[in-house]
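Novice: Have a look; sequence and predicted model below, questions after that.
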Amino acid sequence: MIATPGNQRRAITGRWWQQQWLKLLDGVDDRGRLQRGRSYARTGRVIRVYFYTGEIIGQVRGRGWWNYDVRLSIPVLPLDLWEQVVADMAAEVRYEAALLAGELPPDVDALVQRAGGSLLIDDLAALDPECSCDDYERPCKHIIAVILNAGDVIAQNPLILPILCGAPIESMLSTLRAARPAPVAAPAVVPADDASPSDFWQGAGPLPEIAAPSGQPAGVAVLRDVGLPSFISDRRTLSAVLEQAYRSMQQQAAKALD
Amino acid sequence: MLVLHGAWLPAVGGREPRLAIWAESPEHVAARAARRLAPGKLHPFAARVPELAAALAAGCLPAPGAESAVLYASLPTNEQGPLPSPDAGGELQPQASHARWRIEALLLPPHDAGALLAALGHGGGQPFHVAPDLLLWATAYRYALDLVYRGRLVPTITRSPRRYEGRWLPLLDHPEDAERFAALLRAMPPAAAALTRRFVDEPPAPSTSLRDFLAKIADACARQSVQSVRPPRRWWLGGSAAAWLADLGIGSDDRHDAGSLSPIAPLVRQWLSPVLGEPDAHAAPFRLSLRLEPPESAAEPWRLVYFLQARDDPSLLVPAAAVWHQRSAVLSVLTRNGVDPASLLLRELGRAASLVPAIAAGLRDALPEHCTMTAAEAFTFIRQPAAALREQDIAVTVPAFLARLGVRLNISRARKTERPEGHGLFGMDAITQFDWQVAVGDATLTRAEFEALARMKEPLVQVRGQWVELQPEAVEQVLAFLKRRPDGESTLATAMHLALAPETDSGPPLESVTLDPWFDQVLAEISGAAREETVEPPGFTGTLRHYQQTGVSWMATLRRFGLGACLADDMGLGKSVEVIALLLHTRRTGSPHPPSLIVCPTSVVGNWRHELTRFAPGLRVLVHHGAKRERERLPEQAARHDVVISAYPLLHRDADALAGIQWADVILDEAQNIKNPSTKAAQSARRLPAGWRAALTGTPVENRLSDLWSIFQFLNPGYLGSGEDFRRRFTVPIEKEQDAAAAARLRTLVAPFLLRRVKTDRHVISDLPEKNEMKVFCTLTKEQATLYQAVVRDAMKQIGESEGFGRRGRVLAALTRLKQTCDHPALMLSDNSRLAGRSGKLARLTEMLEEVVAVDDRALVFTQFAAMGALLQRHLTEALSGEVLFLHGGTPALERDAMVRRFQEEEQGPRIFVLSIKAGGSGLNLTRAAHVFHYDRWWNPAVENQATDRAFRIGQHRNVQVHKFICAGTLEERIDLLIERKAAMAETITGASEAWLTEMSTEQLRDLLGLRAGAVEE
């Protein structure tokens, strides 16, 4: 399975790539089937989606007891193509910056195209979609659901896309790092940090005052920001239990603080 | 004495987190010199575990779960070995080199650590000294509890190397918590994170250590408190969820297989992601910080400068140059954690570049320290991406461009208007010069400069060398305002209004009002800052008390500027005396002077004339009142007098005659008579041509907004705005919405023109005698006068015909009937007829009691006729719409006590107590009354005084005002004079009777009883 660098924050450029990716479904003209696929994706019937270089494997819960397996084949671009892409990227440090940030600037595709490939896959047939269900129609709702689900993942982390297409991201990053340009101009004097060295036995500032509690405690206010967890069925009971728990700990803390 | 230290050992490599307590033993410091030491060896003067445990036990510090351990301390060291801390007799060591020493310590699990730290602060005289590093943990412990108390923690699932665990995790995401955390971190001595379990370990970073401590302590505290929470039996959560709650300590005695948490761990993480953020966010101790810098001149581009900023200490900014050149010692913490600072900066710039094209454009063939922007781009940057960047955990600093726009006003004296000579008044309609300016931030622009700036239609402009952002709406608002208010001349009323309560209706904020020195002087003088306090009017035959001096000079000052004054002193403080003194003061030069007009209620006309004669015998007084008044000849007559007294009913009836005279002053006594602005009297009053206007009132007008407006409309027309304006700006907000700010604004506006002193003012009290006696001169109604003359005629005839004992009896009978007539015709006739409008005394008493009730005072009214008391009770109950008590000789003792108790003690009890002088004259204690009225006179001062003393007894702390009612021109006035003369000759009148009067000759009696001119009101 693919592991990507960068952080887990939602990428800013992901939306753009997701939109490109979803063009795969432009050719599906059965609106009812699209609708069903969408509803599958939204209601969590896509149990898991695995991304491997060259393929996407999905598992979808069907209407009965069976789970169906979906497979999409992604055309893998040759390594020498990626070498050329990386050579082009090295001209501007912003590409390394973006990759490190888990971002994929839209103009990367121009570089890939110059090297003779593309990251924009819009022909579903080229992916040779397979599903273990016995629906007559292709792509079935399961395939559609997996494509939609993969789109969400791409929105979150667009680097998945070049990796699916065989990009050796880690080695590309080390190439870029080695090719990193020099700083603008070496300043005569780089300002030193002005952090005052604190004494070993003594802090650099006064101890803050933690006042005795006053007013009403906040209760489960924090949980109100996130709502109750959707993965627990008896939410009412859970809510009552948590509320009790917060009240109890706030009372204890107030007592201890006073 | 041991010096106790503490350090937190975060959970590492499967070891549980612990608070390590160790100690230096200063007694052993001396011993270290003897041996040669090498790092890694046993610390030479650290306490051993038994010694440590004994000290803790002796200091009552609970450490039940403590286990002993051998740890390594990274301590300041010289060639002799580890250096003692200041508490152990060493010195501060900012620069020393460090080495590892083996120490023995007690390890406490989180819950026990909490108990120990909580106990640390309590009780003195402990057999050890607590070092700052341990104190830090005690404070951090309180902070962890504070987080729990504020509910700033969430149930999570964390992954320890071996398994998933349910944990309560505190949140530090609030800005206030971030600050607290940073403050704790600053206060943290490195010693608090100097211990490791193994020789080869690096001590934890202080922030890691502190964050872990807060998490584990808060978790322990929460876990402990939720054990009592019992989940209901019948609930169905599914195995994992139930295991999770059990693992969080909720009802935790039924243990679940906690190994089953793994299925829900990612779900819980996802659920909490809005509050926890991404796990990665807290991993890097630095984040990107962007600072927008304006150019020196408009021709150059703007710069967006890059820094790495320490999360723990936002003031620590590492410039990009230092990062690229690897020159920052601060960043070594990153390198130590295997992060390349340059890659971190590049990565963060990569994220920012997706939002800010200028950053992407700057990331080309060099590692940049900043990027450049045009002014328009900079403006867009401030508006849009800055917020999105902050959401992405990238700090953005933008100079404070947003300039507050406001207007400034300069008020000066109009150049061309000349101050009229003579009695030198310019009044509220005098002209002042207004010049408006615009305040842009700190800079002040002229109207033209601002208009030029606005025409540029640039969002960011340079004003006096500073870049400022102009909001189009605010610019429009100011332009519109300036259009409405051209520079130029305005009335003093408007100027005073703006100077005292600066505000512009729904316009731009009025930043300042500058007054030229002339105007400043006006304000200073009327506010009393520059006022002559002593006034000695020539020809004044009395003494002014100090507060009365103040009142006179206050009025004189306002008069000098032609500004109307409202004197609203409490009843009894001598408002009329102050006015008389003022009239004399203004005529002190002796030059020809137009007459002054005093308008008062009919019932006080006599009193005014009396007071004027008494205090200013030199003034020529004309009473324009009564049937015989000469309306047509008024202008001619007025010119030959100094003061004209008239009554409210005539304001309307003789409106034209009164308005045809140019008065020096128009003074309205009991000005609440014009409180309704639409009455004829109020309208006529406003029409009177006057050099100066004053209003006297004893009721607190400032609390009755509509009265206030009407009186001010007379005094200073237009000053409080139109009636509608006033209602909208003050009456509605203050009365309906209880708007304190509006009330304060009104007070400020009114204050210069309103002087109100109350009896209880400290400086008034010190001035007043404890018992302040005043005579109230009343007039007779026509009915009273006719009756009076009939009684006199009849009585004189009978007295002339009798002698001896019979004569004496007749004299007394005549006196009684005359007194009754002065009191009220109904009393003399015993006809039980209507009461209102038939007695001058009753009218005056009613007016004065209205004032008493208005200021929530209490009063006693004495009469010598029980029947009069009954009439008074009947009339006053109705006129004052409140209960009036009446005590007379026939009142049963029980009832009498109840009355006294109610008057003295009841919060909302009766305000007025009528007493017959014989029944109430002695033995009662009625100290709650502030006013005593003698409705009629007992011609023996001893009796009167005794009655007065009901209200004035030992223990009474406030002053008592005593009002003695006298019908002018009748026997009452003349007997009063007689008594005064006797008193002056130190003659005593003994006994409680009035018998001494019966000894007079018939001629004397005729003179005594006869009705004099001016006694009758109409």
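Specialist: Perfect, I can see it now.

Novice: and after the helix or strand bottoming out on mean pLDDT in chain B, which helix or strand comes next?
Specialist: Sorting the helices and strands of chain B by mean pLDDT, DSSP states H and E puts helix B:332-336 at the bottom, at a mean of 66. As assigned by DSSP states H and E, the chain's next helix or strand after helix B:332-336 is helix B:341-355.

Novice: That next one close to chain A?
Specialist: Yes: part of helix B:341-355 sits close enough to chain A to count as contact by C-beta under 8 Å from any C-beta of the partner chain, namely B:Ala342, B:Ser343, B:Leu346, B:Arg347, B:Glu348, B:Leu349, B:Gly350, B:Arg351, B:Ala353, B:Ser354, B:Leu355. Bear in mind the C-beta positions are built from the backbone N, C-alpha and C, glycine included.

Novice: Which parts of that helix count as buried, going by neighbours?
Specialist: By 16 or more other C-beta atoms under 10 Å in any protein chain shown, the buried positions in helix B:341-355 come out as B:341-355.

Novice: and which of those residues is nearest B:Cys822?
Specialist: Using C-beta to C-beta, the shortest approach to B:Cys822 within the buried residues of helix B:341-355 belongs to B:Leu355, at 95.0 Å.

Novice: My read is that that closest one contacts B:Ala388, right?
Specialist: Yes: B:Leu355 lies in contact with B:Ala388 (C-beta atoms under 8 Å); the separation is 5.4 Å.

Novice: tell me which element the closest residue to B:Asp87 other than its chain neighbours falls in.
Specialist: Excluding the flanking residues, the one nearest B:Asp87 by C-beta to C-beta, 6 or more residues apart in numbering or on different chains is B:Val3, at 4.4 Å. In this assignment (DSSP H and E), B:Val3 forms part of strand B:2-9.

Novice: Please apply the same query to B:Met899.
Specialist: Going by DSSP H and E, B:Met899 is in helix B:893-905.

Novice: Moving C-terminal from that helix, which element do we reach first?
Specialist: strand B:912-916.

Novice: which neighbours does that next one have in its sheet, and in what orientation?
Specialist: strand B:859-863 (parallel), strand B:884-887 (parallel) (DSSP bridges).

Novice: roughly how far out does that strand sit from the chain middle?
Specialist: 40 Å (C-alpha atoms, centre = their mean, to the nearest Å).

Novice: ok, back up a step: tell me what the strand holding B:Val3 is packed against?
Specialist: strand B:18-24, helix B:49-58, strand B:128-130, helix B:132-149, strand B:195-196, helix B:206-226 (3 or more C-beta pairs under 8 Å, 6 or more residues apart in numbering or on different chains; DSSP states H and E).

Novice: Would you tell me which one of the ones you listed is buried the most?
Specialist: Ranked by mean neighbour count, these are led by strand B:18-24 with a mean of 26 (mean count of other C-beta atoms under 10 Å in any protein chain shown).

Novice: before we move on, back to that, can you list the residues of helix B:341-355 next to chain A in TSV and add distance to B:Ala73 and pLDDT?
Specialist: Listed next are those as TSV, based on distance: C-beta to C-beta, whole Å; pLDDT from 0 to 100:
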residue	distance to B:Ala73	pLDDT
B:Ala342	34	87
B:Ser343	34	87
B:Leu346	38	91
B:Arg347	36	89
B:Glu348	36	89
B:Leu349	40	92
B:Gly350	42	90
B:Arg351	41	87
B:Ala353	46	89
B:Ser354	47	86
B:Leu355	47	86
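
Novice: Could you check which helix or strand contains B:Asn676?
Specialist: Applying DSSP H and E, one finds B:Asn676 in no helix or strand.

Novice: Enumerate the positions of stretch B:373-383 that are buried.
Specialist: Residues B:Met373, B:Ala375, B:Glu377, B:Ala378, B:Phe379, B:Thr380, B:Phe381, B:Ile382 are the ones in stretch B:373-383 that count as buried (16+ other C-beta under 10 Å).

Novice: and what of stretch B:665-677?
Specialist: Buried residues in stretch B:665-677 (16+ other C-beta under 10 Å): B:Asp665, B:Val666, B:Ile667, B:Leu668, B:Asp669, B:Glu670, B:Ala671, B:Gln672, B:Asn673, B:Ile674, B:Lys675, B:Pro677.

Novice: Tell me the one of those nearest B:Leu453?
Specialist: B:Pro677 (45.7 Å).

Novice: quick one: A:Arg247 from B:Leu573, how far?
Specialist: 61 Å (C-beta to C-beta, to the nearest Å).

Novice: Hmm, I typed the wrong one, I wanted B:Met456.
Specialist: 63 Å.

Novice: Looking at these two, which has the bigger crowd around it?
Specialist: B:Leu573 (26 against 9; other C-beta atoms under 10 Å in any protein chain shown).

Novice: In the stretch 451-600 of chain B, which residue sits nearest chain A?
Specialist: For the stretch 451-600 of chain B, the residue closest to chain A is B:Trp467, as judged by C-beta to the nearest C-beta, at 24.5 Å.

Novice: if I pick the residue lying closest to that residue once chain neighbours are set aside, what's in contact with it?
Specialist: Nearest residue to B:Trp467, sequence neighbours excluded (C-beta to C-beta, 6+ apart): B:Pro294, at 4.4 Å. B:Pro294 sits next to B:Trp302, B:Ala378, B:Pro399, B:Phe401, B:Trp467 when contact means C-beta atoms under 8 Å, 6 or more residues apart in numbering or on different chains.

Novice: Of those, which belong to helices?
Specialist: B:Ala378 (DSSP state H).

Novice: got the residues of the stretch 1-150 of chain A near chain B?
Specialist: Checking the stretch 1-150 of chain A against chain B by C-beta under 8 Å from any C-beta, the hits are A:6-9, A:11-13, A:91-94, A:96-103, A:105.

Novice: If any of the residues you listed are buried, put those into a PyMOL selection.
Specialist: In PyMOL, this line selects whichever of those come out buried by 16+ other C-beta under 10 Å:
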select buried, chain A and resi 6+7+9+11+12+13+92+93+94+96+97+98+99+100+101+102+103+105
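
Novice: quick one: which helix or strand includes B:Arg844?
Specialist: Here B:Arg844 is assigned to helix B:840-854, by DSSP H and E.
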